[in-house]
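J.: Dropping a prediction and its sequence here:
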Amino acid sequence: MLRCPSCLLLLWKPVTVSCGHSFCKPCLGGALPPRCPLCQERLKLLGVGTARCNVVLCGLLEKCVEREIRLAWLVAHVRDRLTRGDAEEALRMAQKGVELAPDASSLRLCRAEAFAALGQHQRALEDLDTVCKAEPGEHEGFFRKGKVLLKMGQRAEALMAWEHCLTLSPHFHPARREMEKILAEDAPQPCTAAAHPGVAHQGSTGPQVDEGSPVFPSSSPQVQDQEGEPADGRGDTEHGHGTATLSQPGRQQEPDTSAERQDRWLVDNEEETAAAKDTQPSLWELLSISDLECSLCIRMFFEPVTTPCGHTFCKECLERCLDHRPNCPLCKQSLREYLKDGNYSPTVLLQDIMLATFPAQLAQRRDLHQAEMAELSNLTNNIPIFVCTMSFPGIACPLHVFEPRYRLMIRRCQETGTRRFGMCIYEDGKSFADYGCMLEIRQIELLADGRSLVDTIGQRRFRVLSRGHRDGYNTADIEYLEDKKVAGEELQELQCLHESTYCLAQRFCEHGDLASRHVLMQHGPLPEKEEDIQVMPCGKGCSE
């Protein structure tokens, strides 16, 4: 579960990209790829110069993975980079690892490989000297030291290093093979031919050594009878010498191919990290609920989202913080671009971890959220009240929403699916008037800084029964109002009043002055006059 979906190794410096998937930071490269390798969604940095590590995931890895296992996986990552030819990135990773664990010889060996691949032989030699002093009984440091000395032109010193390597491990064939090559090149031609009849003379350039035939046989028959033994899993990835073998006398050895060397490297790498896979305890034994808590609501994450700066919060908690300030609640990194983008994708790996480790607690958290949404969906009890202006059924009411409390209110109206809230005018001593109109959201245009332009239209009138508050905005228990139907003389009087009022409104709209243009711009054109004014229970258009 804690593996990178790109390299399939344990996550190293996990980065959560804008789509919600998490990868090793080195796997993403120096620059963020244009699309996610998994879902192909277009990726964005959103206000940060480089991808930042996910702080929560780093903490989980630190807690769940033992130090030795982390070092083994780090070594595997470095070698993977070396195999791909990315020596600079391998060196950066190895440098970081050595800083964290200066006593880890495997990391120093990897760093020496990276130095050597970049031509920095003296620095590679310094690392190898440190390894040889720290582990004088291990042969690999001396073998690699000989390789670096040979690249530096110090053949005699290289031979001494390999001789010491064979003293420690007589069956380590790569060191014997390197010594055979150098001795064959340095030996006089007649002497070489007499001593080794299997080697043909090849002109005045000196003898050439057959890749599969030893220049001098081992003094131990056990080595000659032994099958080709792969080198230590930490062997040289540059030329594959770590997998060289000795042939039996008179036996033709097939040359290594790059595919075979790569297969052997993969086998060695898997063997090195097998303990990490087999012995790692299950996550539920290592983690607690506190490891998966939002730092804002102090509850288990629900729909966790990770900001570009690497911090993780519940989606709702982060949105409420961004209503007030476009900055990360923890590190104060600017999140203006993140807010402008408006794409708060859940962190997939965290959701998977919570589902695998604490399914019951996650179900309770989900039930609690659904109960809150159900309470917010009620259109008669504790409905949200926007205290601003007078509105009427059937009349458009555009709003510019910028206050944090009303940003939250509008967002909740969308999330619950009701898309409705009450509108009342302010009344001194009561916070808002006793009567208002229910508005329905038709369209919302989100602005870059979190404000929004909300297009609403009036639906039904209501009377306030009781007042309350929720998270900063007003709420109310209401009852909806309906027009009483009349007949006879009362209906005639009502019809006359309706027609006279419509004529006055029509003349006002046709006047063309600034006030009338402003009203038309805000509320739209005058509705058509209704013939039957008692059809709708809440009146119609301007007849209110």
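T.: The structure has been received and is ready for your questions.

J.: residue ranges of the helices in the stretch 301-450 of the chain, please?
T.: Secondary structure of the stretch 301-450 of the chain, counting by DSSP state H, counting those that start in this stretch: helices at 315-324, 336-341, 348-357, 359-376, 404-416.

J.: Return the last one as CSV; C-alpha atoms alone will do.
T.: Presented in CSV, the C-alpha positions along helix 404-416 are these (Å, rounded to 0.1, in the frame of the first residue of the first chain):
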residue,chain,number,x,y,z
PRO,A,404,-16.5,34.3,5.0
ARG,A,405,-19.7,33.3,6.8
TYR,A,406,-21.8,33.6,3.7
ARG,A,407,-19.2,31.8,1.6
LEU,A,408,-19.6,28.9,3.9
MET,A,409,-23.4,29.2,3.8
ILE,A,410,-23.6,29.2,0.0
ARG,A,411,-21.1,26.3,-0.2
ARG,A,412,-23.3,24.2,2.1
CYS,A,413,-26.4,25.0,0.1
GLN,A,414,-24.6,23.5,-2.9
GLU,A,415,-23.2,20.5,-1.1
THR,A,416,-26.6,19.5,0.4
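
J.: In it, which residues are buried?
T.: Buried residues in helix 404-416, counting neighbours by 16 or more other CB atoms under 10 Å, are found at 404-413, 416. C-betas here are computed from N, CA, C, even on glycine.

J.: same check, this time on the second one
T.: Of the residues in helix 336-341, 338-340 count as buried by neighbour count, 16+ other CB under 10 Å.

J.: Also the first one?
T.: Within helix 315-324, the residues that qualify as buried are 315-323, counting by 16+ other CB under 10 Å.

J.: Centre of the chain to stretch 48-63, how far?
T.: With CA atoms, centre = their mean, to the nearest Å as the basis, the distance from the averaged C-alpha position of stretch 48-63 to the chain average is 8 Å.

J.: quick one: terminal-to-terminal distance for that stretch?
T.: Stretch 48-63 has its terminal residues 27 Å apart, counting by CA to CA, to the nearest Å.

J.: who's in contact with that stretch?
T.: Under the criterion CB atoms under 8 Å, 6 or more residues apart in numbering, residues 2, 10-11, 13-17, 22, 25, 28, 32, 45, 70, 286-287, 291-292, 304, 306, 308-312, 333, 347, 349-350, 353 lie in contact with stretch 48-63.

J.: Give me the buried subset of those residues.
T.: Listed as buried from the contacts of stretch 48-63 are 2, 10-11, 13-17, 22, 25, 28, 32, 45, 70, 287, 291-292, 304, 306, 308-312, 333, 347, 349-350, 353; burial here means 16+ other CB under 10 Å.

J.: Keep only those of those that are in strands.
T.: In strands, defined here by DSSP state E, the members of the buried ones among the contacts of stretch 48-63 are 14-16, 22, 304, 306, 312.

J.: Make TSV out of these and add pLDDT and distance to residue 519.
T.: Written out in TSV, the entries for these read as follows (pLDDT from 0 to 100; distance: CB to CB, whole Å):
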residue	pLDDT	distance to residue 519
14	91	57
15	92	53
16	92	50
22	92	54
304	96	47
306	95	47
312	96	48
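
J.: Out of those, which is nearest to residue 534?
T.: Minimum distance to residue 534 across those is 53.7 Å, recorded for residue 304 (CB to CB).

J.: for that closest one, which residues make a bridge with it?
T.: Beta-bridge pairing of residue 304 under DSSP bridges involves residue 314.

J.: That one and residue 344: what is the separation?
T.: As defined by CB to CB, to the nearest Å, residue 304 lies at a distance of 10 Å from residue 344.

J.: Now for those two: what residues contact both?
T.: Taking CB under 8 Å, 6+ apart as the criterion, residue 304 and residue 344 both touch residue 315.

J.: Low-confidence bits of the stretch 201-350 of the chain, can you list those?
T.: Where the stretch 201-350 of the chain drops to pLDDT under 70, the residues are 201-284.

J.: any idea whether residue 520 is helix, strand or coil?
T.: In the three-state summary, residue 520 is assigned as helix, counting by DSSP: H, G, I helix; E, B strand; the rest coil.

J.: isn't it right next to residue 508, touching?
T.: No - at 9.6 Å, residue 520 and residue 508 do not qualify as touching, with contact defined as CB atoms under 8 Å.

J.: which residues in this structure form strands?
T.: Using DSSP E, strands in the chain cover 14-16, 22-24, 304-306, 312-314, 383-387, 396-401, 420-424, 435-446, 452-470, 473-480.

J.: possible to save those strands as JSON lines with distance to residue 90?
T.: Written out in JSON lines, the entries for the strands of the chain read as follows (distance: least, CB to CB, whole Å):
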{"stretch": "strand 14-16", "distance to residue 90": "18"}
{"stretch": "strand 22-24", "distance to residue 90": "13"}
{"stretch": "strand 304-306", "distance to residue 90": "27"}
{"stretch": "strand 312-314", "distance to residue 90": "29"}
{"stretch": "strand 383-387", "distance to residue 90": "56"}
{"stretch": "strand 396-401", "distance to residue 90": "52"}
{"stretch": "strand 420-424", "distance to residue 90": "57"}
{"stretch": "strand 435-446", "distance to residue 90": "44"}
{"stretch": "strand 452-470", "distance to residue 90": "48"}
{"stretch": "strand 473-480", "distance to residue 90": "55"}
